[in-house]
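# need a structure here:
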Amino acid sequence: MNIPAEIPAGPYRLRRWRPSDAEQVLRACQDPEIQRWTTIPVPYTEEHAEGFLAGVGGSPLFAVTAHGDDVLGSFGLVAVEADRAEVGCWIAPWARRLGVGEAAGRALTGWALDDTELTRLEWIADAANEASLRLAERIGFLPARMLPDHLENRDGTLSDAVLAVMREDR
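Numbers count the residues shown, from 1 in each chain. The predicted model follows:
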């Protein structure tokens with residue numbers, strides 16, 4: 001997969017992560033909502049942020065930024081297989097309700113389905129994560145089915161998830 005250095009996203013852009021983003025990743029990942037709905041370690045430390053950035057080298061994971069280098073979120077493809085991938089994301093609390101997620105999601109999915117070999121994208125969210133499910137719908141994902149007891153919570157219990165899909169023939 002040829003991963004671009006940058007993907008335009010309306011007033012925003014998706015760009016490759018840099019080691020210098022560590023402080024902003026650390027700050028964003030202190031957010032209780034990011035901690036609640038993602039699999040990041042809690043507590044999230046400077047070492048976690050540095051480890052995340054060191055590990056994204058060849059992955060299709062991008063920082064979402066505006067004109068400067070302020071990190072507004074993260075969007076990328078995870079669990080990439082031959083012809084499909086799952087979209088993973090978070091939006092920093094200071095960037096919510098500004099259209100960042102929708103612009104970044106549309107840009108990422110457009111690139112993934114138009115410029116790679118992928119034919120199907122998946123969005124998996126906790127069934128109780130209404131904000132994530134609304135964002136997926138605004139980007140163009142269609143709910144496909146419930147996944148009972150699919151997500152493991154930090155306390156070891158399981159939560160239902162919703163699988164939404166987007167295909168290249170969108």
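
# Quote the end-to-end distance of stretch 23-32.
With CA to CA, to the nearest Å as the measure, the first residue of stretch 23-32 is 17 Å from its last.

# and that stretch, which residues are buried?
Neighbour-count burial for stretch 23-32, counted by 16 or more other CB atoms under 10 Å, picks out 24-26, 28-29, 31. C-beta coordinates here come from the backbone N, C-alpha and C atoms, glycine included.

# what's the answer for stretch 53-68, then?
Residues 53, 56, 60-65 are the ones in stretch 53-68 that count as buried (16+ other CB under 10 Å).

# Specify which member of those is nearest to R167.
Closest approach to R167 among the buried residues of stretch 53-68 (CB to CB): P60, at 18.1 Å.

# Distance of the closest one relative to F75?
Using CB to CB, to the nearest Å, P60 is found at 9 Å from F75.

# least confident pick among the buried residues of stretch 53-68?
Note: of the buried residues of stretch 53-68, the lowest pLDDT belongs to V56, at 90.

# Could you list which residues are in contact with that residue?
Contacts for V56 (CB atoms under 8 Å, 6 or more residues apart in numbering) come out as 16-17, 76.

# Kindly report the same for A49.
So A49 contacts 22-23, 25-26, 29 (CB under 8 Å, 6+ apart).

# which one of those residues is nearest A144?
C29 (29.0 Å).

# which non-adjacent residue is nearest that closest one?
Y44 (4.1 Å; CB to CB, 6 or more residues apart in numbering).

# what secondary structure does E81 sit in?
Taking DSSP: H, G, I helix; E, B strand; the rest coil as the rule, one finds E81 in the coil state.

# Against A144, how distant is the nearest residue to L147 once chain neighbours are set aside?
Nearest residue to L147, sequence neighbours excluded (CB to CB, 6+ apart): A161, at 4.3 Å. Applying CB to CB, the value for A161 to A144 is 11 Å.
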